[in-house]
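In: sharing a model prediction with you, sequence too.
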Amino acid sequence: MIWIYGGAFLRGSSSRASAGPDYLVRHDVILVTINYRVGPYGFMCLDIPEVPGNQGLKDQYLAIKWVKENIAAFGGDVNKITLFGESAGGHSIDLHLRSSNEKLFNNAILQSGSAVAATVFQEPDKEAPIKLAEHLGLNTTCIHEALEFLAGTEPEQIIEATVALDMSFKPCVEKDIDGVDNFITTTWVDTAVPKVANMPVLLGFNNHEFLTIYANNGVDHYKESNIFQNSLQSQFKFSEDELVEMSNLFRHFYMGDRPITEELEWPIVDFGSDYTYIHPIRRTINKFMESGAGDLYYYMFSYSGGRNYAKIAANITEGGAAHADEMGYLFSMAALQDAPNAADQLVLDRMTTMWTNFAKYSDPTPEVTDLLPLKWTPVTVDTLYCMEINSTLTLTGRPLHERMAFWELFLKMNKALLKKFDD
């Protein structure tokens with residue numbers, strides 16, 4: 001099992017502190033955690049040979065290739081390699097499936113990650129090295145001069161400048177450059193997914209993904225900004241009038257005619273969760289099915305307990321599972337030193353058993369047991385089965401169906417206006 005960490009392509013680590021192996025390796029699997037470049041080093045995209053873009057994804061590819069070529073020497077099965085990742089890690093795995101590079105793995109687990117999320121791609125910012133250099137003391141309009149200056153600057157200073165300037169670096173649609181290996185050259189709007197054919201995939205989301213993001217920003221932030229307008233503007237090419245009309249449509253669907261107040265926390269959390277994570281994952285399921293994927297196992301993690309990593313870090317006690325909360329039930333983590341209580345241990349045992357069963361058998365519940373008392377049925381053309389993981393396991397169908405139906409209809413009507421990030 002190869003773990004790819006999240007962190008918005010800006011931060012992250014494969015260290016034991018954030019992805020400790022203790023709980024997973026009990027189940028007779030080999031856990032490999034890889035590092036890859038992030039931020040300006042991993043995802044600056046300038047359309048030039050020196051910085052073509054997607055350096056971090058290429059790091060991942062080389063690490064996966066190394067595992068493919070060498071894992072047998074560690075007792076691993078070269079034909080049972082499962083990639084799993086959360087957030088940007090899940091985004092990355094979906095991008096590996098859409099890349100034209102060699103297929104190096106057999107199964108995939110996408111936790112709150114999808115390549116079709118609006119937060120994944122961005123257009124190349126060819127001024128990025130100039131902005132960083134200027135912040136660090138060099139005024140120039142020459143990209144190459146700025147890059148040479150940055151190459152001689154301590155990485156810590158460059159990262160501090162990235163944070164100070166509030167810069168983001170994400171995957172991009174690369175240009176074809178002679179002599180340069182590319183990773184992805186076609187926007188996700190048009191990309192087929194032939195590598196997912198016959199591949200089992202386990203994927204899903206947390207029911208309150210946006211909860212910690214909302215809490216960190218606070219209600220005043222959402223009063224002053226138009227979350228609906230800003231979100232739609234980042235994904236669709238609407239005119240100004242269309243943007244106002246469409247943002248009002250979303251506002252009325254999620255909030256009615258009420259103004260944004262602290263009492264309307266949950267509609268904002270729901271919209272942010274749907275826009276950023278939940279509906280993109282639904283779209284990914286549809287795309288994978290069109291591409292002839294193997295069994296697709298869909299989940300919703302909604303448990304709130306003593307190992308909800310993100311909520312604990314943000315000092316939040318209400319609601320279900322926030323973004324990244326499931327990680328505390330898969331990994332040992334430095335931030336979670338207390339021994340799990342009985343309820344948390346049960347969720348942890350179920351999660352790690354299902355995840356490792358999937359890696360070993362391509363089926364999270366190959367048999368019904370006392371620990372896993374019901375069969376996890378994969379998605380079919382007719383029924384969108386979903387396993388809700390809470391204090392109990394519940395097999396449902398079409399989670400959040402009204403919200404997802406609204407998004408499906410909206411996207412169907414406006415698909416031609418989706419941004420492709422390949423201009």
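Out: Nice, I can see it. Numbering: from 1, shown residues only.

In: which residue sits closest to T396, ignoring its sequence neighbours?
Out: Nearest residue to T396, sequence neighbours excluded (Cβ to Cβ, 6 or more residues apart in numbering): C386, at 5.2 Å. For glycine as for every other residue, the C-beta is placed from the backbone atoms N, C-alpha and C.

In: and that neighbour, helix, strand or coil?
Out: Classification of C386 using DSSP: H, G, I helix; E, B strand; the rest coil returns strand.

In: do you know how far it is from T82?
Out: From C386 across to T82, the span is 20 Å (Cβ to Cβ, to the nearest Å).

In: ditto for P340
Out: Remark: distance between P340 and T82 (Cβ to Cβ) = 24 Å.

In: the residue nearest to T396 contacts S302, correct?
Out: No. Between C386 and S302 there is no contact under Cβ atoms under 8 Å: 10.9 Å.

In: those two - which one has more neighbours?
Out: Neighbours were counted for C386 and for S302 using other Cβ atoms under 10 Å; C386 has more, 23 against 20.

In: identify the residue spatially nearest to G204, adjacent ones excluded.
Out: Closest to G204 by Cβ to Cβ, 6+ apart is Y299, at 3.4 Å.

In: for the one you found, grab phi and psi.
Out: phi -140, psi 160 (degrees, to the nearest 10).

In: count of residues packed around it?
Out: 25.

In: same check, this time on the one 10 residues further on
Out: Taking other Cβ under 10 Å as the neighbour definition, Y309 ends up with a count of 22.

In: look up how far H27 lies from the residue nearest to T396.
Out: With Cβ to Cβ as the criterion, C386 and H27 are 23 Å apart.

In: residue ranges with poor pLDDT in this protein?
Out: Residues of the chain meeting the criterion pLDDT under 70: 188-191, 223-225, 262-264, 421-423.

In: what segments of it are strands?
Out: Taking DSSP state E, the strands of the chain run over residues 2-4, 32-33, 82-86, 107-111, 201-206, 296-301, 385-389, 393-397.

In: tell me which of those lies nearest to G137.
Out: G137 sits nearest to strand 2-4 of all the strands of the chain, at 35.1 Å, using Cβ to Cβ.

In: residues in contact with that closest one: which ones?
Out: With Cβ atoms under 8 Å, 6 or more residues apart in numbering as the test, strand 2-4 has contacts from 14, 19, 31-34, 36, 60, 63-64, 67, 81-85, 89-90, 92-93, 105.

In: so what strands line up beside it?
Out: Take DSSP bridges as the rule and strand 2-4 pairs in its sheet with strand 32-33 (parallel), strand 82-86 (parallel).

In: any idea which of those strands is most buried?
Out: Greatest average neighbour count among the strands paired with strand 2-4 goes to strand 82-86 (a mean of 26), per mean count of other Cβ atoms under 10 Å.

In: how far off strand 107-111 does that strand point, in degrees?
Out: Inter-element angle recorded for strand 82-86 and strand 107-111: 10 degrees (by axes from the mean of the first three to the mean of the last three Cα atoms, to 10 degrees).

In: contact partners for M1?
Out: Applying Cβ under 8 Å, 6+ apart to M1 gives the contacts 24, 29-32, 82, 84, 355-356, 359.

In: and what of M167?
Out: Residues counted as contacts of M167 (Cβ under 8 Å, 6+ apart) are 40, 125, 128, 131-132.

In: follow-up on the earlier one: and of the contacts of M1, the nearest to A8?
Out: F84 (18.1 Å).

In: nearest residue to the closest one other than its sequence neighbours?
Out: Leaving aside its sequence neighbours, F84 sits nearest to I109 (Cβ to Cβ, 6+ apart; 3.6 Å).

In: please apply the same query to M246.
Out: Distance criterion Cβ to Cβ, 6+ apart; nearest residue to M246, sequence neighbours excluded, is L232 at 5.5 Å.

In: please look at that neighbour and V244 and confirm they touch.
Out: No. The pair L232 and V244 fails to qualify as a contact (Cβ under 8 Å) at a distance of 10.0 Å.

In: quick one on the thing from earlier: quick one, what contacts the residue nearest to M246?
Out: For L232, the contact set (Cβ under 8 Å, 6+ apart) comprises 238, 243, 246-247, 250.

In: state the distance from it to S247.
Out: For L232 relative to S247 (Cβ to Cβ), the value is 6 Å.

In: show me where the stretch 1-150 of the chain has helices.
Out: Under the criterion DSSP state H, counting those that start in this stretch, helices of the stretch 1-150 of the chain are mapped to 16-19, 39-43, 55-70, 88-98, 128-135, 143-151.

In: what does the third one rub up against?
Out: Under the criterion Cβ under 8 Å, 6+ apart, residues 2, 4, 9, 32, 34-38, 41-44, 76, 78, 81, 83, 92, 95-96, 99, 101-102, 104-105, 171, 181, 183-184 lie in contact with helix 55-70.

In: show me which of these are buried.
Out: Among the contacts of helix 55-70, those classed as buried by neighbour count (16 or more other Cβ atoms under 10 Å) are 2, 4, 9, 32, 34, 36-38, 41-44, 76, 81, 83, 92, 95-96, 99, 101, 104-105, 171, 183-184.

In: enumerate every residue touching the closest residue to P21 other than its chain neighbours.
Out: Of all residues not flanking P21 in the chain, L31 sits nearest, at 4.6 Å (Cβ to Cβ, 6+ apart). L31 sits next to 1, 3, 21, 24-25 when contact means Cβ under 8 Å, 6+ apart.

In: next, format the residues you listed as a markdown table and append distance to A313.
Out: Shown next, in a markdown table, are these (distance: Cβ to Cβ, whole Å):
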| residue | distance to A313 |
| --- | --- |
| M1 | 25 |
| W3 | 19 |
| P21 | 21 |
| L24 | 21 |
| V25 | 25 |
